[in-house]
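# What follows is a protein structure lacking sequence information:
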């Protein structure tokens, strides 16, 4: 009897949960936001197959002929292959170091009880309030002095800190650490104390507790910080433009600036280069986007 009632209720349209007007407004609002973000990307993808004449005459129409000439020219003339490799090297190194050092610092602040933990956390968080433009000139002068000191006093000729990928890894790592420490500290603080107490009773040392217990449990936070770090460093332009002068060491955002000239700009090839540049970030974001909300909500709840 009860099963038959359930079947009738399932078939009855009036028994289903109705959508409230508030939910309709929310869905419409979210749809508008999604369309607002997707339309520019779709438009850039569309015009990347056009010529300059088609862009100016019919900017919103479909291309008359789909060819990959713009992409091939942008890849070869803009030297995007080498630039992409340089960006990948810089982003991966800074990503791995920031996740490792930041998670270790967050673990020490949240799980190890010492007097200066709150002061250390405040010190790291102040880095989130310092814009990168404020340290541009001090970093450049400091790197120049280090290069001069190494060449003159240590006798290492050919050492150039201001024209190497190391000059990008160091500031990228520095500016990635505050947000990494902030998010990972929330994850480590929310872990139950019983896990660490049981590990201590079993004879595990501090390194085993961190690498075998806390770090695997905080992998969602690592996904969040890793995604934010990778996307931010991949799109960074100012430091890469100032510190790198060698054409073979320039990153992808700097190579994109070559398509914009003082008197003439080839928009079709520039849009093709932009699509090549944003494809890796789209792939990374689509692969780990579901971890962002889970990671931020899990790290925000303590106790």
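Structure received. These figures come from a predicted structure and were not determined experimentally. Numbering: from 1, shown residues only.
# just checking, what packs against the host helix or strand of residue 183?
Residue 183 is part of helix 166-190, with elements assigned from DSSP states H and E. Contacts defined by 3 or more C-beta pairs under 8 Å, 6 or more residues apart in numbering; DSSP states H and E place helix 166-190 against helix 80-111, helix 117-126, helix 219-234, helix 238-243, helix 290-300. For the C-beta atoms, the positions are set from N, CA and C on the backbone; glycine is no exception.
# Quick one: closest of these to residue 196.
helix 80-111 (6.6 Å; C-beta to C-beta).
# quick check: angle from the closest one to helix 117-126?
Per axes from the mean of the first three to the mean of the last three C-alpha atoms, to 10 degrees, the angle that helix 80-111 makes with helix 117-126 is 160 degrees.
# Need the mean per-residue confidence for helix 80-111.
For helix 80-111, mean pLDDT is 92.
# Kindly report the same for stretch 233-242.
Stretch 233-242 shows a mean pLDDT of 89.
# and it, which residues are buried?
Neighbour counts over stretch 233-242 (16 or more other C-beta atoms under 10 Å) mark 233, 234, 236, 239, 240 as buried.
# follow-up on the earlier one: relative to residue 18, which of the helices and strands packed on helix 166-190 is closest?
Comparing the helices and strands packed on helix 166-190 by C-beta to C-beta, helix 290-300 comes nearest, at 26.4 Å.
# ok now do the closest residue to residue 103 other than its chain neighbours, which residues does it touch?
Counting by C-beta to C-beta, 6 or more residues apart in numbering, residue 184 is the residue found nearest to residue 103 once chain neighbours are left out, at 4.9 Å. By C-beta atoms under 8 Å, 6 or more residues apart in numbering, the contact list for residue 184 reads 102, 103, 106, 107, 218, 221, 222, 225, 299.
# Residue 78 is in contact with residue 257, isn't it?
No. With contacts counted by C-beta atoms under 8 Å, residue 78 stays clear of residue 257, the gap being 9.7 Å.
# more neighbours, these two?
Legend: neighbour count by other C-beta atoms under 10 Å for residue 78 and residue 257, higher for residue 78 (22 against 15).
# isn't there a strand covering residue 203?
No. According to DSSP: H, G, I helix; E, B strand; the rest coil, residue 203 belongs to no strand; its state is coil.
# How many residues are close by it?
By other C-beta under 10 Å, the residues close to residue 203 number 7.
# quick revisit: could I get the helices and strands packed on helix 166-190 as TSV with distance to residue 264?
What follows is the helices and strands packed on helix 166-190, written out as TSV (distance: least, C-beta to C-beta, whole Å):
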stretch	distance to residue 264
helix 80-111	20
helix 117-126	45
helix 219-234	28
helix 238-243	21
helix 290-300	41
